[in-house]
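Got a predicted model here, sequence first, then my questions.
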Amino acid sequence: MGHCPLCGGNKEKGFTVFTVELGGGLLIVKGVPANICSQCGEKWITSDVAEKLEKIADDARKKKPELEIVSFEEAA
Ligand SMILES: [Zn+2]
C-alpha cells in the first residue's frame, strides 16, 4: 500500500466519514473504506470508492435532503 507522501508514515486500511455538500443540504457517508496514514491521519480513497460516493451523492441530491446520513456499505 506504500507510504504517505506527506510524512512517510505507513498507510493502513481503515474507514472514514465522507461529507458532501449538496447545495443547501449535507450528505454524510459513514464507513467509507480508505487508506489512512497512521502517522498524520491523511486519508486516501480508491477511484472505485470515489465513483460509488459520487453515485450516492447524485442519489441524495435528487431527494434534496437537509441532512442525509447513510452507510457506505448499504448505499453503495
Ligand atoms: Zn502521513
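Arrived safely, thanks for sending. Residues are numbered from 1 along each chain as shown.

So for stretch 48-66, mean pLDDT?
Computed over stretch 48-66, the mean pLDDT rounds to 94.

Can you mark which positions in stretch 28-41 are buried?
Neighbour-count burial for stretch 28-41 flags 29, 31-37 (criterion: 16 or more other Cβ atoms under 10 Å). To be clear about C-beta, it is placed using only N, CA and C from the backbone, and glycine gets the same treatment.

Sitting in strands, which of those do you find?
29, 31-37 (DSSP state E).

and which of the residues you listed is nearest to the ion?
The ion lies nearest to residue 37 out of those, by Cβ to the ion, at 3.2 Å.

check contacts around the closest one.
Counting by Cβ atoms under 8 Å, 6 or more residues apart in numbering, residue 37 touches 4, 6-7, 9-12, 43.

and these, which two are the farthest apart?
6 and 12 (14.6 Å; Cβ to Cβ).

The lengthiest helix in the chain - contacts with which helices or strands?
Ranked by residue count under DSSP state H, the longest helix found in the chain is helix 47-63. For helix 47-63, the helices and strands in contact under the criterion 3 or more Cβ pairs under 8 Å, 6 or more residues apart in numbering; DSSP states H and E are strand 11-21, strand 26-37, strand 67-71, helix 72-75.
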